[in-house]
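Novice: here's a sequence, model it:
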Amino acid sequence: MDPVHNPFSPGAGCAPPELAGRSGIERDAKVRLQRISLGRPAKSMMLVGLRGVGKTVLLDQIRKNAEAIGIQTVRIEAPENRSLPALLAPALRVALLQMSKMDAAREFATRGLKALAGFAAKLKIKYSDIEVGLDYEPEPGLADNGDLELDLPILLEQVGRAAKALKTALVMFIDELQYVKELEMAALISALHRCSQEQLPVTVVGAGLPQLRGRMGAAKSYAERLFDFPEIGPLNDEDAAAAIVRPIQGEGAEINEEAVKVIIERTKGYPYFLQEWGKHIWDAAPESPIQRQDVLRASDIAIAALDESFFRVRFDRLTPSEKKYLRAMAVLGPGPHRSGDIAEELHHKVTALGPTRANLIFKGMIWSPTHGDTAFTVPLFDEFMKRIMPGDSWKTDGV
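Specialist: Take a look at the predicted model:
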C-alpha cells in the first residue's frame, strides 16, 4: 500500500478523513447558532468528553459550519497558565476590527474597541499577561472598572450590538475550557447571561474534559440554563467501521470485515485510536484488500506509537506520587473507582492522598464522575500504566 496515499491522520486536533457519528451534533449546533444570530433564545453547547474522542475536531467543524452561513467567529484555546482576559482581548479585537469595516456596524464596533481599551488597561493590573493592541483611546466609564465580572458583560454587550447591526452573531469557540479558573468562568457565564437577557447575539461554544460540566455549575448555578453539555464518546460499531472503511475505499482500496472487527475491538471505538490504527494498518498491508493478519501485525506498532506520543506526553508531566496513584488505579481496571479502593491499594488513608488526587484533576488526568469516584480522562490509560510501570516494584516507592 502506497504510504503517500495513506488517508489517515492521527494528530492532536487533526481532522479525520471521515468525521463519522457526529452529524447530529453538527446539525443541532447549526440550528442553535442560527437562532442566536436572529436574537431568539437558544442554549449554546459545551462538548464534554475524554481525551481522544474528537472534541477539538468537532468544535472546529461546528466553527466552519457557522462561518459558512455568515456567523462571525473567534477561536481560542485555554491553556493552564493563561488568564481568560488575556485570551479574549486579542480575539475580540480582531472580531471588532472586522466588524468595524462594515458601515452598518462601524459605530458599534468602534465603541466596542474603546470598551476593549478600557477593559485591557484597567485589568492589566490584575491580569499581567494581557497583551493587546489598542486602536482607540478608552471611553471613561465603559468597561473600565477593573473588575472582570463587571467589565466583561459591558464589553460583550458592545460586541453584541455590533454583531446585531450586521444581522449576525459573534461566537467564541473555546477549547480546553476546563482550565479556565472558576472566578474567570463565573465572569464569562455572567456576561453571556446578560447578552442573553438583552437578546444580543453573542455566545460561546466550548469543549473540555468531563469535569467542565461541574466546574461551570460551581461557577454559576444557572449555567445549565445557558448551555447544554452533549457528551462526546467513543463511536458505535457502525460509525467506527465507517471511520475506517470509507477513507480506505476513497483511495481505491478495500478492507475485509474481519479486519474491521479487530480494529474496533482494539480501539474501543475511540476516534483518535481509530486514526492511529488506520495509519499503521495501511502502511503494514502489502496489498488490498487489507486482511485480519495485517491488523494484528500493525497493532503492536500502533500501541508503541501511542505509548510514545499520546500517552507518554501526559505521563511525563506527572510527579512520582501521581504516577503511583494512577498505577494503583490501573490495578483496579479502567474505572471509575472509589477513592477508598485506590487508597486501600496504596495502603494510605483517603485524606492523605487528597492533594495528589487534586493535582491529577487539575492536570486533566482524572475526574470525578460522582462524589467519591475517580476515573481516567484518557481512554485505555490503565493499560498504558501497566506497560510503562510493569510488575510490582512501584508499590515499594514512597508516595
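
Novice: wait, doesn't Ala207 sit right on Leu58?
Specialist: Yes: between Ala207 and Leu58 there is a contact under CB atoms under 8 Å: 7.4 Å. Where C-beta positions appear, they are placed from N, C-alpha and C, glycine not excepted.

Novice: common neighbours of the two, please.
Specialist: Listed as contacting both Ala207 and Leu58 by CB atoms under 8 Å, 6 or more residues apart in numbering are 47, 232.

Novice: more neighbours: which of these two?
Specialist: A count of neighbours by other CB atoms under 10 Å puts Ala207 above the other of Ala207 and Leu58, at 28 against 25.

Novice: assign a three-state SS to that one, would you?
Specialist: When classified by DSSP: H, G, I helix; E, B strand; the rest coil, Ala207 comes out as strand.

Novice: low-confidence bits of the stretch 1-150 of the chain, can you list those?
Specialist: Judged by pLDDT under 70, the stretch 1-150 of the chain has its weakly predicted residues at 12-13.

Novice: which residues in it form helices?
Specialist: Using DSSP state H, counting those that start in this stretch, the helices of the stretch 1-150 of the chain run over 23-37, 55-68, 84-100, 106-123, 148-165.

Novice: CSV for these, including distance to Arg75?
Specialist: Formatted as CSV, the helices of the stretch 1-150 of the chain follow (distance: least, CB to CB, whole Å):
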stretch, distance to Arg75
helix 23-37, 14
helix 55-68, 6
helix 84-100, 8
helix 106-123, 18
helix 148-165, 16
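
Novice: out of these, nearest to Arg215?
Specialist: With CB to CB as the measure, helix 84-100 is the member of those nearest Arg215 (12.9 Å).

Novice: C-alpha coordinates for that closest one, PDB please?
Specialist: Output in PDB follows, covering the C-alpha atoms of helix 84-100 (Å, rounded to 0.1, in the frame of the first residue of the first chain):
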ATOM      1  CA  LEU A  84      -9.200  34.300  30.300                       C
ATOM      2  CA  PRO A  85      -9.000  38.100  29.800                       C
ATOM      3  CA  ALA A  86      -5.600  37.600  28.100                       C
ATOM      4  CA  LEU A  87      -7.100  35.100  25.700                       C
ATOM      5  CA  LEU A  88     -10.300  37.000  25.000                       C
ATOM      6  CA  ALA A  89      -8.800  40.500  24.500                       C
ATOM      7  CA  PRO A  90      -6.800  39.900  21.300                       C
ATOM      8  CA  ALA A  91      -9.500  37.700  19.800                       C
ATOM      9  CA  LEU A  92     -12.300  40.200  20.400                       C
ATOM     10  CA  ARG A  93     -10.100  43.000  19.000                       C
ATOM     11  CA  VAL A  94      -9.800  41.100  15.700                       C
ATOM     12  CA  ALA A  95     -13.500  40.500  15.600                       C
ATOM     13  CA  LEU A  96     -14.400  44.100  16.300                       C
ATOM     14  CA  LEU A  97     -11.900  45.400  13.700                       C
ATOM     15  CA  GLN A  98     -13.500  43.100  11.100                       C
ATOM     16  CA  MET A  99     -17.000  44.300  12.000                       C
ATOM     17  CA  SER A 100     -15.800  48.000  12.000                       C
END
